[in-house]
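Undergrad: Quick check, what structure comes out for this input:
(2 chains)
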Number of protein chains: 2
Amino acid sequence: MKQNVYDDEIFYKSYVELRINSTGLNDVLEIPAFRTLLPEDLTHMEILELGCGFGQSCSWYVSQGAGMVIGIDISEKMIARARQLYQHDKIEYVRLPIEDINFPKEKFDLVLSSLAFHYVADLKNVLERSYHCLKNNGFLIFSQEHPIATAKKVPNGWVKDENGKKMHWILDNYNDEGIRKQNWFIDDVIKYHRTTSSIINVLVETGFKIVRVLEPAAIKEAEMINDDLKEERRRPPFLLIKAQKI
Amino acid sequence: MKQNVYDDEIFYKSYVELRINSTGLNDVLEIPAFRTLLPEDLTHMEILELGCGFGQSCSWYVSQGAGMVIGIDISEKMIARARQLYQHDKIEYVRLPIEDINFPKEKFDLVLSSLAFHYVADLKNVLERSYHCLKNNGFLIFSQEHPIATAKKVPNGWVKDENGKKMHWILDNYNDEGIRKQNWFIDDVIKYHRTTSSIINVLVETGFKIVRVLEPAAIKEAEMINDDLKEERRRPPFLLIKAQKI
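TA: Numbers count the residues shown, from 1 in each chain, chains lettered A, B, ... in the order given. Coordinates of the predicted model:
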């Protein structure tokens, strides 16, 4: 079952609005952390992005010197918008579920994926396909919602006091992996909860070496502008992993 | 500052009682998980145990064929009791803070540590000393309290309803690493909260390869005997890591 929630009309419109007006967690927290994991020099690199969305990242990689970027997304609307907004000779957008990638062996220097793997039912399959098409010593770098954020079966986030102040984060069901249904713009968006240890172990079993793991807080500059971001220190919203094909 | 809470009279007596009457989490959850990380065959292995306590584990490693075990503990009382209970030709007990170990290069096949590292202020120092005295391809295997369990600055565990039923785990302060004071038999037992990512990253920076990570729930047999143990699935009490010197 490959979920394509981004082609739902309501979801798509809401998501576009969110990302256009964004000063959200993606921009001040996930993207800066993700970029610290990239090689310093992207010149001539061949990059595969799994779940490329609008294509902003693909475009950014090219601006940093990447030789070629292939962006994969299951959503027709996303791919159409990416082609409209971020067309470039060095970028190829392909509409495809990331579970179905089937590239030649050792084609890419980097396989990157931002906030897509928590939608994938069979992580091992995606990791194996990523491993296959990575060059030796190439890197898989991905982010996903943190297991602490996806754990609870009935997602309800923070406990707040009568004034709306966040008291603490609600954690539960951590070791019960599997489907989590959430309402995000529309009902029943399906995510898959996996523990941090099982994500790391499946990477290791696939042949990857763990290079670095991040559970980032917001960057200081962002915290200074927006005091609310300090709250993100209280529980990690994202998990990022850099792994190497060895 | 090296904490020696185990030589506190009250703490020591309470701890001895706890471990003697134990059907607790150590026995049904931490120890079984820890043993799955050990090499299948311990025959002739030279083992260093950091924080050996009473010496039960040292004794068990010898029973499994280990060639030599050195058990280190900061507590005079613990070492005295270990010598009394688990004396053996192949075991040497040394009273020493684990932060001060200084063994010859490449002496041990395994460096093991059970529920001691959360008492250590400078984890990098202990990892470097462990790395130094491990043979090439040797393993460091350790357990500690899970960062999800140590995170909160005012430790208060579960939210319970009026009947004492556990509603959810309280998580907070995750990204604020540092000292956590807890009352465990006596006031102000000091533990050090570190995030999962920073523990993994300091291992990698020290030169270790991550082999396996566990956030164990209780074994099924134990859950069948003691229904309460199912609650441990709701948040992980322990983090275990197997790392290899490469």
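
Undergrad: The helix or strand containing A:Asp188 pairs with which strands, and in what direction?
TA: Secondary-structure element containing A:Asp188, defined by DSSP states H and E: strand A:186-193. With DSSP bridges as the test, strand A:186-193 is paired with strand A:178-184 (antiparallel).

Undergrad: got the residues of chain A near chain B?
TA: A:148, A:152, A:159, A:168-176, A:195-197, A:200-201, A:204, A:209-215, A:217, A:232-236, A:239 (CB under 8 Å from any CB of the partner chain). (Glycine included, C-beta is placed from N, CA and C.)

Undergrad: May I ask which helix or strand encompasses the residue sitting furthest away from the middle of chain A?
TA: Distance from the C-alpha centroid of chain A, by CA atoms, centre = their mean, peaks at A:Glu162 (33.9 Å). Under DSSP H and E, no helix or strand contains A:Glu162.

Undergrad: Give me the buried positions along the strand holding A:Asp188.
TA: A:Val189, A:Lys191, A:Tyr192, A:His193 (16 or more other CB atoms under 10 Å in any protein chain shown).

Undergrad: contacts for the longest strand belonging to chain A?
TA: In chain A, taking DSSP state E as the definition, the longest strand is strand A:134-145. Strand A:134-145 is contacted from outside by A:30, A:33-34, A:37-39, A:50, A:106-118, A:127, A:130-131, A:191, A:199, A:203, A:208, A:211, A:237-246, using CB atoms under 8 Å, 6 or more residues apart in numbering or on different chains.

Undergrad: hey, where'd the strands end up in chain A?
TA: Along chain A, counting by DSSP E, strands occupy A:46-50, A:68-73, A:91-95, A:108-114, A:134-145, A:158-160, A:166-171, A:178-184, A:186-193, A:208-214, A:238-245.

Undergrad: And the average pLDDT for stretch A:106-119 is what?
TA: Mean pLDDT, stretch A:106-119: 97.

Undergrad: Buried ones in it, by neighbour count?
TA: By neighbour count on 16+ other CB under 10 Å, the buried set for stretch A:106-119 is A:107-119.

Undergrad: measure that stretch end to end?
TA: Stretch A:106-119 has an end-to-end distance of 25 Å (criterion: CA to CA, to the nearest Å).

Undergrad: so A:Pro97 makes contact with A:Leu50?
TA: No. The pair A:Pro97 / A:Leu50 is not scored as a contact, 9.8 Å apart, by CB atoms under 8 Å.

Undergrad: Which one's more surrounded, these two?
TA: Neighbour count, other CB atoms under 10 Å in any protein chain shown: between A:Pro97 and A:Leu50, A:Leu50 has more, with 26 against 19.

Undergrad: gap between the longest strand of chain A and the chain center?
TA: Per CA atoms, centre = their mean, to the nearest Å, the displacement of strand A:134-145 from the mean C-alpha position of its chain is 12 Å.

Undergrad: Likewise for stretch A:192-200?
TA: 14 Å.

Undergrad: Stretch A:117-132 now?
TA: 12 Å.

Undergrad: Identify each buried residue in it, please.
TA: Buried positions in stretch A:117-132, judged by neighbour count with 16+ other CB under 10 Å: A:Phe117, A:His118, A:Tyr119, A:Val120, A:Leu123, A:Val126, A:Leu127, A:Arg129, A:Ser130, A:Tyr131, A:His132.

Undergrad: What of stretch A:153-165?
TA: A:Pro155, A:Trp158, A:Val159.

Undergrad: With pLDDT and distance to A:Ser63 added, can I get those residues in a markdown table?
TA: Listed next are those as a markdown table, based on pLDDT from 0 to 100; distance: CB to CB, whole Å:
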| residue | pLDDT | distance to A:Ser63 |
| --- | --- | --- |
| A:Pro155 | 79 | 36 |
| A:Trp158 | 94 | 37 |
| A:Val159 | 94 | 43 |
